[in-house]
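> Just to be clear, the model below is a prediction. Sequence and coordinates:
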Amino acid sequence: MHMTKTPGTPDQFDAFLERIEHRSKRQRRKKLLMLVPILLFSGIVLATLWPSDAAPEPAQLGAYQIEELDEKKVAQLFKVDNVEFVLEQGPFGRDTVRSLQQYQRLQKLHQQVADDRQEILQSDRQADTIRVAALGRLPAYRVAVDGERVVGSWLTFTIQNFDPGVSYTLDLGNGILRENIEQSIRYRYPLPGHFVMQLIANRSGVGTSVYTKKYEIKAQETVAVEDSP
């Protein structure tokens, strides 16, 4: 006897499940197709905003010690490369040189400061002798020297009109340099003599100023004799 299948049999149920699965697959494919342009656009934006580790770094400026150069060499540098460079100037700090004319002004200042030191050192004047040299827009800073000018006594050196944005170097005239100093420092001279102190103030791109001052540090015995009745 032949039996017919009625609705709701297992075969119909399997077909129903297959239709649901096909419909789900189509919906998933549709969502993926919609996500592709969004993902591509997001990748382009991230690549633009987020710098790559492999991105080339800006070229470093060449650096030279002032003793390595003269006017002829600097002229040749600008003629061949036509690029700026960093000039290391010892206690004068460092400056970015952008032209031969700027280098010539720096060279002139260095020569003037050296001449001032030599002239003051050779002077017979007993009182304080002072010279000021400046280049650019930096003001001329002065130094007050307070305390008894005797061997072994503490002296206080105070920069007037101190600016924390400026780099200061103090040359105490006996081979001792104090770099990147604050407004005041203390020092004791171990030997007597006439000393030429120089304060070198520098702010890259703004200017340089030098304050030169000569004074005498006396020996303890000399002071005792002068103070006796």
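Yep, it's here.
> So what does residue 205 look like in phi/psi?
Note on residue 205: backbone dihedrals following degrees, to the nearest 10 are phi 80, psi -10.
> so who does it touch?
95-96 (CB atoms under 8 Å, 6 or more residues apart in numbering). From N, CA and C alone the C-beta is placed, and that goes for glycine too.
> you'd agree residue 112 is in a strand?
No: if the criterion is DSSP: H, G, I helix; E, B strand; the rest coil, then residue 112 is helix and not within a strand.
> how close does it sit to residue 139?
The gap separating residue 112 from residue 139 is 17 Å, by CB to CB, to the nearest Å.
> try residue 153
Taking CB to CB, one finds residue 153 at 31 Å from residue 139.
> residue nearest the centroid of this protein?
In the chain, the centroid-proximal residue (CA atoms, centre = their mean) is residue 204; its distance is 8.1 Å.
> Grab the nearest non-local neighbour of that residue.
Using CB to CB, 6 or more residues apart in numbering and skipping the chain neighbours, the partner closest in space to residue 204 is residue 95 (5.5 Å).
> where does the one you found land in three-state SS?
strand.
> what sits opposite it in the beta ladder?
Residues in a beta bridge with residue 95, per DSSP bridges, are residue 87.
> ok, it - how many residues close by?
Neighbours of residue 95 under the rule other CB atoms under 10 Å: 24.
> and what of residue 192?
Around residue 192 there are 17 residues (other CB under 10 Å).
> One more: the one 4 residues further on?
For residue 196, the tally of surrounding residues (other CB under 10 Å) stands at 21.
> And the helix or strand hosting it, what's buried?
Per DSSP states H and E: residue 196 is located in strand 193-203. For strand 193-203, the neighbour count (16 or more other CB atoms under 10 Å) marks 194-203 as buried.
> got a list of contacts for that strand?
Against strand 193-203 from outside (CB under 8 Å, 6+ apart): 89, 91-93, 95, 113, 117, 120-121, 138, 141-143, 145, 157, 159, 163, 165-174, 189, 208-217.
> buried ones in the helix or strand following that strand?
Next helix or strand after strand 193-203 toward the C-terminus (DSSP H and E): strand 207-217. For strand 207-217, burial by neighbour count (16+ other CB under 10 Å) applies to 207-215, 217.
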